[in-house]
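> A predicted structure for the sequence below; I have some questions about it.
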Amino acid sequence: MQIFKSDYFKNMGLGGVRAKVENGERLSFEDGLRLFECPEPLAVGALAHQMRIRLHGDKAFYVVNQHVNYTNICINGCVFCAYQREEGQDGGFVLSKEDVMVKLDGAALTPREVHIVGGCHPKLPLAYFEDILSAIKERYPDVILKCFTAVEIAHFARLEKTTTKDVLSRLKTAGLDMLPGGGAEIFNQSIREQLCPRKSTAEEWLAVHEEAHALDMKTNCTMLFGHIETMEDRVDHLVRLRESQDRGGGYTCFIPLPFLTENSQLSIENPLTGLEELRTIAISRLMLDNIPHIKAYWVMLGVKQAQAALKFGADDFDGTVVEEKIGHEAGATSEQGMTRIELEEMITGCGCTPVERDGFFNEV
Ligand code: V47
Ligand code: SF4
């Protein structure tokens with residue numbers, strides 16, 4: 001559908017970018033910056049929507065899933081994180097295998113995907129995680145287990161004095177199917193040193209994902225934006241993900257995560273506007289030409305903004321979630337979970353066709 005005349009994009013300085021998008025050509029780093037500098041976010045959104053329609057038509061995917069956080073105790077102390085607690089601090093928790101099973105057994109819907117992440121706990125052994133994964137797979141053999149960020153995998157390897165590849169293989173044997181995309185934050189090392197100095201570097205994060213791809217596992221990827229990073233840092237992050245995907249091809253979905261400011265040690269003078277969030281989601285779609293899906297994560301974006309994102313390049317609405325802590329500790333005002341009917345209503349409400357999927361994006 002032709003929404004804007006071609007002069008419109010030319011006048012916005014996007015004539016060349018538009019031609020590349022229409023011809024399916026790769027955008028350069030400079031194109032990415034041009035999209036951030038364009039005075040009109042709607043022009044950027046229109047290009048991303050065009051690409052999203054070419055890839056997925058008017059489908060918007062969702063999954064019946066459940067998030068479980070096994071602990072909030074973490075040794076990393078990232079300054080943006082409102083979720084972490086120190087060992088012995090009030091409010092700290094560690095779930096047992098039985099606690100995890102009670103959460104899954106108590107859910108209104110049996111999940112197709114279980115998303116398990118937590119803090120980097122100083123003591124939990126790999127056997128604890130193997131035990132949880134195999135118990136879930138035994139009770140729910142068809143579930144897709146999307147668990148542990150690359151940062152957690154690197155942490156387990158350090159505690160166990162082994163390699164990340166060995167950790168991935170052992171967890172895969174226990175039932176791990178794919179890695180979620182968290183922990184990528186922003187790849188620029190000088191920003192990482194200010195935000196999360198104890199966390200894996202960009203190179204380590206990318207290496208773990210590429211090892212997982214080599215083991216035939218799918219993974220997701222994220223970018224945390226709207227804090228102290230520059231537009232160059234965002235484009236650099238997207239280009240590095242695109243290059244990593246060129247090497248291994250295992251990324252399924254990209255999740256742009258706007259920084260939520262409450263209860264963190266990081267104060268921001270100019271928080272993101274809604275339109276700048278949408279622009280960043282749109283640019284993600286346009287730059288990541290080799291990653292099939294872009295997620296509008298309604299928990300962090302808020303439901304209305306996630307609906308708008310489906311017209312700015314995103315094609316996935318994530319899922320039922322059930323219980324969410326990381327965003328809600330940081331001020332997310334969305335519900336804890338949504339029903340299948342609510343998800344479908346949200347998706348149809350903005351003119352898209354809801355399509356239920358599994359964790360690998362197979363339609364069900
Ligand atoms: O890694 C932490 C981010 C991530 C804040 O792979 C924050 O399908 C905003 O990665 N404001 C965890 N973000 C969430 C995540 C995720 C969520 C849904 C689906 C998938 C997937 C992955 O949340 C962390 C960090 O980057 N985060 N604190 C905050 N204050
Ligand atoms: Fe720990 Fe993750 Fe929070 Fe960083 S973002 S402090 S690694 S829980």
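Structure's in. What do you need? Ligands and ions are numbered 1, 2, ... in the order given.
> only C-alpha atoms for contact and neighbour calcs from this point on.
Will do.
> the strands in the stretch 251-364 of the chain, which residues?
In the stretch 251-364 of the chain, the strands defined using DSSP state E, counting those that start in this stretch lie at 251-258, 293-294, 316-319, 353-357.
> minimum distance to Asn69: which of those strands has it?
Nearest to Asn69 among the strands of the stretch 251-364 of the chain is strand 316-319; the distance by Cα to Cα comes to 16.0 Å.
> isn't Val44 right up against Ile283?
Yes: applying Cα atoms under 8 Å, one finds Val44 in contact with Ile283, separated by 7.2 Å.
> tell me the residue of the stretch 101-250 of the chain that sits nearest ligand 2?
Using Cα to the nearest ligand atom, the point where the stretch 101-250 of the chain gets nearest to ligand 2 is Gly119, with a distance of 3.9 Å.
> so what's the closest residue to that residue other than its chain neighbours up against?
The shortest distance from Gly119 to any residue other than its chain neighbours is 4.4 Å, reached at Cys74 (Cα to Cα, 6 or more residues apart in numbering). With contact set as Cα atoms under 8 Å, 6 or more residues apart in numbering, Cys74 has these partners: Gln84, Arg85, Glu86, Glu87, Gly119, Cys120, His121, Pro122.
> spit out the residues that contact Val44 and Ile283 alike.
Taking Cα under 8 Å, 6+ apart as the criterion, Val44 and Ile283 both touch Leu35.
> between those two, who's got more neighbours?
The residue with more neighbours, out of Val44 and Ile283 and counting by other Cα atoms under 10 Å, is Val44; that gives 28 against 25.
> tell me the secondary structure for that one?
For Val44, the reduced secondary structure class is helix; criterion used: DSSP: H, G, I helix; E, B strand; the rest coil.
> residues touching it, list them.
Under the criterion of Cα under 8 Å, 6+ apart, the neighbours of Val44 are Leu35, Cys38, Arg279, Ala282, Ile283.
> show the pLDDT at it.
Among the per-residue scores, Val44 shows a pLDDT of 97.
> same question, the one 3 residues further on
On the pLDDT scale, Leu47 is placed at 97.
> same deal with Ser6?
Among the per-residue scores, Ser6 shows a pLDDT of 68.
> put the alpha carbons of the longest helix along the chain into PDB.
What stands out as the longest helix in the chain, according to DSSP state H, is helix 231-248. What follows is helix 231-248 as a C-alpha-only set of coordinates in PDB (Å, rounded to 0.1, in the frame of the first residue of the first chain):
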ATOM      1  CA  MET A 231      22.300   7.000  18.500                       C
ATOM      2  CA  GLU A 232      25.700   5.700  17.100                       C
ATOM      3  CA  ASP A 233      25.700   3.100  19.900                       C
ATOM      4  CA  ARG A 234      22.300   1.900  19.000                       C
ATOM      5  CA  VAL A 235      23.200   1.500  15.300                       C
ATOM      6  CA  ASP A 236      26.500  -0.100  16.200                       C
ATOM      7  CA  HIS A 237      24.600  -2.600  18.400                       C
ATOM      8  CA  LEU A 238      22.200  -3.500  15.600                       C
ATOM      9  CA  VAL A 239      25.000  -3.900  13.100                       C
ATOM     10  CA  ARG A 240      26.900  -6.200  15.400                       C
ATOM     11  CA  LEU A 241      23.900  -8.400  15.900                       C
ATOM     12  CA  ARG A 242      23.400  -8.500  12.100                       C
ATOM     13  CA  GLU A 243      27.000  -9.500  11.600                       C
ATOM     14  CA  SER A 244      26.600 -12.200  14.200                       C
ATOM     15  CA  GLN A 245      23.500 -13.500  12.400                       C
ATOM     16  CA  ASP A 246      25.400 -13.600   9.200                       C
ATOM     17  CA  ARG A 247      27.900 -15.900  10.900                       C
ATOM     18  CA  GLY A 248      25.500 -18.400  12.500                       C
END
